[in-house]
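Participant: need the 3D shape of this:
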Amino acid sequence: MSDKKNNLQQRKRGKKYLAVVDKIEDRRYKLDEAVEVIKNIAQETAKFDQTVEVAMRLGVDPKYSDQMVRGYTVLPHGTGKQVKVVVIATGEKVKEAEAAGADFVGEDDLIQKISDGWLDFDAIVATPDVMRKVGKLGKLLGARGLMPSPKSGTVTFEVENAVKEIKAGKVQFKVDKAGNLHAGIGKASFSTNNLVENFTAFLEAVQKAKPVGAKGKYIQKVYLAATMTPSVEVDLLSIE
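Facilitator: Here you go, the predicted model:
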């Protein structure tokens, strides 16, 4: 990167962000060290409880179907976020969804409401028998990563389990076109141990999702950051 371009990017950052950049050493950190650094600088860059995020560079080329990476896991300590869940279902599954703690439950009424632009929710669960109708929302929901899918466990007749998993801290992931994964693994207010355990659960899920077409080193780089902080690179030897 040229000095001119780098200086331009630096000027776009806030004063609090720039004030903590020098506190990050130019090296790879062991996982627990990286978590500690992010927790400390998160306190200096914003007054709200920031989300701690992991970013991974994978050795895959997603344009080939046998190198696509996607999956989900339930973080042992949750995400720290209050998740609003929509369930689209009929019959007895409506009562099951309500009992499980779903925030919004319905069928045609909810589908129409979403079609009209309502998106005040974080996840959708749908039973297989209504997916023909839900499919009409594909363009709207797909662009926001909200479209229910059997692979993510959100198209299922096991409505109770699906809702409870999402509420408990279910995290979905899907590699982007450049071979990167991003996910939130908790809040900066979490203990170091809880963030490390959440990270480990996420890492294990990504490793299990390794596609058959992946060649060479699968996980190439790992970074941690909070919502308003610079990133810290994690030493891969500390997580293998």
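
Participant: may I see the buried residues of the helix or strand that contains Leu140?
Facilitator: According to DSSP states H and E, Leu140 maps onto helix 138-142. Buried residues in helix 138-142, counted by 16 or more other Cβ atoms under 10 Å: Leu141. To be clear about C-beta, it is placed using only N, CA and C from the backbone, and glycine gets the same treatment.

Participant: now do it: everything it contacts.
Facilitator: 114-115, 119, 124, 147-148 (Cβ atoms under 8 Å, 6 or more residues apart in numbering).

Participant: ditto for stretch 63-76
Facilitator: So stretch 63-76 is contacted by 58, 60-62, 151-153, 165, 168-175, 177, 181, 185-186, 194, 197-198, 201-202, 204-206, 208-214 (Cβ under 8 Å, 6+ apart).

Participant: pretty sure Glu33 sits in a helix.
Facilitator: Yes - Glu33: assigned to a helix according to DSSP: H, G, I helix; E, B strand; the rest coil.

Participant: number of residues surrounding it?
Facilitator: Residues lying near Glu33 (other Cβ atoms under 10 Å) number 17.

Participant: repeat that for the one 4 residues further on.
Facilitator: Residues near Val37, counting by other Cβ under 10 Å, number 19.

Participant: is it in a helix, a strand, or coil?
Facilitator: helix.

Participant: cool, Val83 as well?
Facilitator: coil.

Participant: flag every buried residue along stretch 201-221.
Facilitator: Neighbour-count burial for stretch 201-221 flags 201-203, 205-206, 209-211, 214, 218-219 (criterion: 16+ other Cβ under 10 Å).

Participant: what's the spacing between Val159 and Asp176?
Facilitator: Distance from Val159 to Asp176, counting by Cβ to Cβ, to the nearest Å: 30 Å.

Participant: who has more neighbours out of the two?
Facilitator: Neighbour count, other Cβ under 10 Å: between Val159 and Asp176, Val159 has more, with 24 against 11.

Participant: ok, that one to Gly117 distance?
Facilitator: Counting by Cβ to Cβ, the gap from Val159 to Gly117 is 25 Å.

Participant: okay, now the unreliable bits of the protein?
Facilitator: Residues of the chain that meet the criterion pLDDT under 70 lie in 1-14.

Participant: which helix of the protein spans the most residues?
Facilitator: The longest helix of the chain (DSSP state H) is helix 192-208.

Participant: other SSEs contacting it?
Facilitator: Contact here means 3 or more Cβ pairs under 8 Å, 6 or more residues apart in numbering; DSSP states H and E; on that basis helix 192-208 packs against helix 31-45, strand 51-58, strand 70-74, strand 170-174, strand 180-187, strand 219-226.

Participant: mind checking how far the last one is from the chain centre?
Facilitator: For strand 219-226, the distance between its averaged C-alpha position and the chain's averaged C-alpha position is 13 Å (Cα atoms, centre = their mean, to the nearest Å).

Participant: ditto for the second one
Facilitator: Distance of strand 51-58 from its chain centroid, counting by Cα atoms, centre = their mean, is 9 Å.
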